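Q: Predicted model follows, preceded by the sequence.
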Amino acid sequence: NEGEWLEYDVNVTQSAVYDINLRLATAEFQGAFHFLLDGGDISTIKYVPNTGGWQEWQTVTISDVVLTQGRHKLRFYSDGSGYNVSSFQFAPTGATTDIPADFVSALTLDKNTIQLNINKPLDVVPSSSYDFKIYVNGQEKTITQIYKASDNDRIVRFTFDLNIDASEVIRMSYSGTQIDATDGTTLQIFTQEDVQNNVPILHAIPGKVEAEDYFYQLGTATENTSDVGRGKNVGNLDQADYMDYMVNVPTAGIYDVVFRTAAQSEEGGLRLMRIDSNGIGTILGTYTFEATGGWQNWTSTQESIYLPGGEYQLRVEVTQSQFNFNWMDFTLITSNDQPLEDTFINIYPNPGKGIFNMKAHLNTPEAFEVMVFNQAGQVIWQESSEKKSNWNSTLDLTKYANGIYMVVLKTTSGTIHTQKIVKAQ
């Protein structure tokens, strides 16, 4: 699948130019791949021809790949999907000096850093050079720093004082003669080469997030959808597969979230998680979806979720398979920053040391659900009630940290009532 990779520890016994001969088979046309060495691209993307069947094997060759003597991490990266791989053969074809030092690829690492991948290790790279030019939407931008990666002499990185947006087109050029490879060959001039813009789309919430607009995924695949609006949906969803999105939530609070899903015969499920800078996830909500009788028979499921405010990484992780996923749409119901205006919920003592008495009165009898959220957006307590006007319960927060908690009562008609409580010693 697209985005998946295989990595190998290799020992290159001879520095040379190599042909890489791959044995591939496919009955489709979506296959593509490239190779990396120690974190930097050493080949451009190669497309896989339709060989006529999943076991009809064909040799595909990538030529002029420079490998240097020593131990390395070699990665095969899939840029497409729907093909089989049997083996790689590395055949030396000449000395590294037989080909010049040259551009392989370039990509963004973050909003103000670009990585340039060269086909062979470089000697000295000047810390500033007007021979490199970077253009964003056709306008030249000022480079603030140039440096080689500390762990790979094929990689040159550039920083600049601006924040790249996901929609911007980036290109780069080099017109100098002063940069040499370690084998003595000179880096070739290149003009207006594309820079792959990997800056994630920043999704605004409230709003709709298309499933295929992730910035990273594991184990999934996209396909054309016949749902309203067409476009793509995400499928091949197995348990523990996930998709990551960057979101901007200006207002923390309770949101209605609608999931658009389809499934042949099995119940599907997912959970939403907030991922912090250390890669640690906090579960925001877990949801299930009924089968719809077909992979393109779409239905919408509405749920509630508390979203913390800010810009962060939101993960959709599959908990039950299999189903297809088209989009999710968030609508703000109430903010935890707005003053309390309803008198439907009475909680006392508030502030309290851990035990809270809760009462609710509805003018019209309804079934409802009461949830308690911590400040991370996790549901820490939940209780459902049959159709009634009055409700009483006890909330025990003695094992939880001091702080502010949000109590949310949601009726079957969709009415939301909220109340903040404070646990303090």
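A: Received it, and whenever you're ready, just let me know what you need.

Q: check which helix or strand covers the residue lying farthest from the centre of the chain.
A: Distance from the C-alpha centroid of the chain, by Cα atoms, centre = their mean, peaks at residue 363 (45.1 Å). Following DSSP states H and E, one finds residue 363 within strand 355-373.

Q: Now the next helix or strand after that strand: buried residues?
A: Under the assignment DSSP H and E, the closest C-terminal helix or strand after strand 355-373 is strand 379-396. Within strand 379-396, the residues scored as buried using 16 or more other Cβ atoms under 10 Å are 379, 381, 385, 391, 395. No exception for glycine: its C-beta is placed from N, CA and C like everyone else's.

Q: hmm, who's touching strand 379-396?
A: Identification of contacts with strand 379-396 by Cβ atoms under 8 Å, 6 or more residues apart in numbering yields 285, 306, 347, 354-374, 397, 400, 405, 407, 421.

Q: Restricting to C-alpha, output that strand in CSV.
A: The C-alpha trace of strand 379-396 is given here as CSV (Å, rounded to 0.1, in the frame of the first residue of the first chain):
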residue,chain,number,x,y,z
VAL,A,379,-14.8,10.7,28.9
ILE,A,380,-14.1,9.6,32.4
TRP,A,381,-17.7,8.9,33.5
GLN,A,382,-20.8,8.1,31.7
GLU,A,383,-24.4,7.2,32.5
SER,A,384,-27.6,6.8,30.5
SER,A,385,-31.2,7.3,31.6
GLU,A,386,-34.5,6.2,30.3
LYS,A,387,-37.2,8.7,29.5
LYS,A,388,-37.8,10.9,32.6
SER,A,389,-37.9,14.4,33.9
ASN,A,390,-35.8,14.1,37.0
TRP,A,391,-32.5,12.4,37.5
ASN,A,392,-30.1,12.0,40.5
SER,A,393,-26.6,10.5,40.7
THR,A,394,-23.3,10.7,42.5
LEU,A,395,-20.1,11.4,40.8
ASP,A,396,-16.9,10.2,42.4
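
Q: quick check: angle from that strand to strand 355-373?
A: Computed by axes from the mean of the first three to the mean of the last three Cα atoms, to 10 degrees, the angle separating strand 379-396 from strand 355-373 equals 170 degrees.

Q: hmm, back to that, who does the strand holding residue 363 pair up with?
A: strand 345-348 (antiparallel), strand 379-396 (antiparallel), strand 403-411 (antiparallel) (DSSP bridges).

Q: want to try a markdown table for the ones you listed, with mean pLDDT and distance to residue 166 as columns?
A: Formatted as a markdown table, the strands paired with strand 355-373 follow (pLDDT from 0 to 100; distance: least, Cβ to Cβ, whole Å):
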| stretch | mean pLDDT | distance to residue 166 |
| --- | --- | --- |
| strand 345-348 | 88 | 41 |
| strand 379-396 | 91 | 32 |
| strand 403-411 | 85 | 32 |
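
Q: show me where the stretch 201-350 of the chain has strands.
A: Ranges of strands within the stretch 201-350 of the chain are 202-204, 207-210, 216-218, 221-224, 232-235, 242-249, 253-262, 268-275, 281-289, 299-307, 310-320, 324-335, 345-348, based on DSSP state E, counting those that start in this stretch.

Q: count of neighbours near the residue lying closest to residue 182 once chain neighbours are set aside?
A: Nearest residue to residue 182, sequence neighbours excluded (Cβ to Cβ, 6 or more residues apart in numbering): residue 121, at 4.7 Å. Per other Cβ atoms under 10 Å, the neighbour tally for residue 121 reads 19.

Q: do the same with residue 274
A: When neighbours are counted by other Cβ under 10 Å, residue 274 registers 21.

Q: Residue 310 bridge partners, please.
A: Judged by DSSP bridges, the bridge partners of residue 310 are residue 249.

Q: isn't it right next to residue 249, touching?
A: Yes - here residue 310 reaches residue 249: they are 6.2 Å apart, a contact under Cβ atoms under 8 Å.

Q: more neighbours, the two?
A: More crowded of residue 310 and residue 249, by other Cβ under 10 Å: residue 249, with 22 against 11.

Q: in this structure, what spans have low per-residue confidence?
A: Applying pLDDT under 70 to the chain picks out residues 334-343, 376, 425.

Q: The same query, at a cut-off of 50, please.
A: Residues of the chain meeting the criterion pLDDT under 50: 336-343.

Q: what's the nearest residue to residue 401 if we skip its chain neighbours?
A: Spatial nearest neighbour of residue 401, chain neighbours left out: residue 423 (7.6 Å); criterion: Cβ to Cβ, 6+ apart.

Q: sorry, that was for residue 17
A: Nearest residue to residue 17, sequence neighbours excluded (Cβ to Cβ, 6+ apart): residue 94, at 4.8 Å.

Q: go on, residue 107?
A: Excluding its sequence neighbours, the residue lying closest to residue 107 (Cβ to Cβ, 6+ apart) is residue 196, at 4.0 Å.

Q: before we move on, back to that, distance of the residue farthest from the centre of the chain relative to residue 344?
A: 8 Å (Cβ to Cβ, to the nearest Å).
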